[in-house]
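In: Quick one, fold the following:
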Amino acid sequence: MFKITTVILAAGKSSRFHGTKSKLFQDLAGLPIIKHVVNTAKKISENDTIIVCNNKNINELKLLLPDCKLVIQKNQNGTADAINSARNLIKNKYLLVLFGDVPLITNKSINKLISNFKKNKNYASMISFASSNPYGYGRVKINKNKVISVVEELFASKKEKQIQTCNSGVMLVNKGIFFKNLKSIKFSKIKKEKFLPDIFDIYSKKQTPFSFVLAPEDEMIGVNTLKDLNKIQINFQNYLINKFINKGVIIHKPESNYFSYNTMIEKGVIIEPNVIIKNNVTIKSGSIIKSNSYLEGVKINGNCTIGPFARIRPTTIIEKKSKIGNFVEVKNSKIGDNTSISHLSYIGDSKIGKNVNIGAGTITCNFDGKLKNRTIIKEGAFIGSNCSLIAPVVINKNVKIAAGSVINQDIPSNNLAIERAKLKIIKKK
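Out: Model prediction:
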């Protein structure tokens with residue numbers, strides 16, 4: 001079998017990234033950057049994935065990536081030294097090298113690399129990309145479709161700087177040959193490190209040069225600065241938007257919307273502008289999400305209308321043909337079929353049956369200062385405007401609650417409940 005160990009290099013200090021936390025843990029569409037890379041690696045290597053880290057990020061990585069092996073690069077002596085740190089943990093014959101700050105690489109590109117590697121007699125293959133603005137990237141020098149060397153920007157001649165084929169750093173190698181050649185990499189006095197791209201020149205001189213494949217530049221962008229992070233966020237959102245549009249989702253003004261990595265939207269859904277969709281959201285066919293709505297951890301079934309300006313919070317299920325209107329917040333609740341909550345309401349920790357109407361301004365008072373309590377509203381109930389339902393409470397079938405009522409006890413089926421102070425009209429003097 002063709003088994004591959006993946007090593008992800010994640011020992012850098014993020015010195016150019018001026019965020020409050022490491023770039024590896026920055027959110028990218030609902031998932032830390034490093035987690036995107038690991039998820040890609042696991043499709044190739046399953047749990048045979050090794051993270052090379054440093055003594056400052058290892059504890060956070062252990063919590064985030066419990067299924068990965070972690071090894072510390074003891075000294076910051078460059079990428080060649082980093083990969084050498086993982087040597088004793090690599091059990092398979094073949095080794096894939098990825099980078100913890102390059103989250104957009106796809107399995108399509110990696111599988112292309114694997115196919116190329118097999119054609120190259122399983123010696124070594126790398127991913128390169130073409131860039132119209134290659135400044136800052138290592139330039140790949142090629143002869144007869146083989147890699148002769150990679151020249152860094154700092155050392156490139158004027159002619160070499162015209163080369164537009166760039167090094168991604170991603171490579172697939174035979175472990176035994178690779179580590180023998182790795183020993184030949186010398187410490188650079190200028191860069192003060194052992195530089196992994198020197199490996200290409202070593203292979204070439206031994207008449208076993210790397211082959212290469214081309215991948216899209218957008219996949220190979222690394223996060224070094226906050227500007228890079230913004231660029232990657234935009235690229236990933238564009239990827240998600242195109243995926244949904246190709247599936248048959250209508251997205252109005254797509255650049256104004258935000259989607260998460262695991263958002264699931266069926267064909268025939270309409271997304272209006274300025275909609276934010278966070279993690280674990282499913283939207284079924286025929287539903288419309290109106291402008292300025294915020295969804296997280298919710299399942300919206302078919303032919304529902306949400307918003308505008310609705311907020312739906314985690315562990316909520318909206319059943320078919322229901323309406324959650326403007327300035328309505330729903331949290332940890334199940335809303336039955338053909339139910340309407342149209343205006344200015346808060347529904348929390350509730351179970352609402354089908355064919356229920358919730359009037360404007362109605363709230364479920366779910367928190368008693370210590371515990372969250374449940375509100376149950378059964379089929380066919382009608383709740384008038386500006387009602388307060390003090391949980392725990394059960395509103396049974398076909399109950400009508402008069403507007404302005406405060407309900408603090410269960411109401412039997414087919415009854416009208418009204419709770420108001422008597423109206424007084426006092427004549428002016």
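In: Give me the nearest residue to residue 73, chain neighbours excluded.
Out: Residue nearest to residue 73 in three dimensions, not counting chain neighbours: residue 11, with 4.0 Å by Cβ to Cβ, 6 or more residues apart in numbering. Just so you know, the C-beta spots here come from the backbone N, C-alpha and C atoms, and that holds for glycine as well.
In: how about the one you found, what does it touch?
Out: 52-54, 72-73, 76, 82, 85 (Cβ atoms under 8 Å, 6 or more residues apart in numbering).
In: can you pull the pLDDT of it?
Out: In this model, residue 11 is scored at 92, pLDDT.
In: Which secondary structure state does residue 419 sit in?
Out: Here residue 419 is recorded as coil under DSSP: H, G, I helix; E, B strand; the rest coil.
In: For it, give its distance to residue 389.
Out: According to Cβ to Cβ, to the nearest Å, residue 419 stands 11 Å off from residue 389.
In: Please tell me how far the nearest residue to residue 187 once chain neighbours are set aside sits from residue 355.
Out: Among residues not flanking residue 187 along the chain, residue 194 sits closest, at 5.6 Å (Cβ to Cβ, 6+ apart). For residue 194, the distance to residue 355 equals 70 Å [Cβ to Cβ].
In: low-scoring stretches of the protein, by residue?
Out: 1, 189-192 (pLDDT under 70).
In: Scan it for its longest helix.
Out: Counting residues, the longest helix found in the chain (DSSP state H) is helix 226-247.
In: ok, which stretches of the stretch 151-300 of the chain are helices?
Out: Secondary structure of the stretch 151-300 of the chain (DSSP state H, counting those that start in this stretch): helices located at 175-182, 198-205, 226-247.
In: Go through the longest one and flag the buried ones.
Out: Spelled out, that is helix 226-247. 228-229, 232-233, 235-237, 239-241, 244 (16 or more other Cβ atoms under 10 Å).
In: Please apply the same query to stretch 250-260.
Out: Those would be 251, 254, 257-260, for stretch 250-260 by 16+ other Cβ under 10 Å.
In: same thing with stretch 280-291?
Out: Here stretch 280-291 shows 280-284, 286-291 as buried, counting by 16+ other Cβ under 10 Å.
In: Adding distance to residue 131, write these out as TSV.
Out: Output for the buried residues of stretch 280-291, formatted as TSV (distance: Cβ to Cβ, whole Å):
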residue	distance to residue 131
280	36
281	35
282	38
283	37
284	41
286	43
287	41
288	41
289	37
290	41
291	38
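In: and the longest helix of the chain, how far out from the chain's middle?
Out: Put simply, helix 226-247 sits 11 Å off its chain's centre (Cα atoms, centre = their mean, to the nearest Å).
In: elements contacting it?
Out: strand 27-28, strand 250-251 (3 or more Cβ pairs under 8 Å, 6 or more residues apart in numbering; DSSP states H and E).
In: got JSON lines for those strands, with distance to residue 202 too?
Out: Shown next, in JSON lines, are these (distance: least, Cβ to Cβ, whole Å):
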{"stretch": "strand 27-28", "distance to residue 202": "35"}
{"stretch": "strand 250-251", "distance to residue 202": "49"}
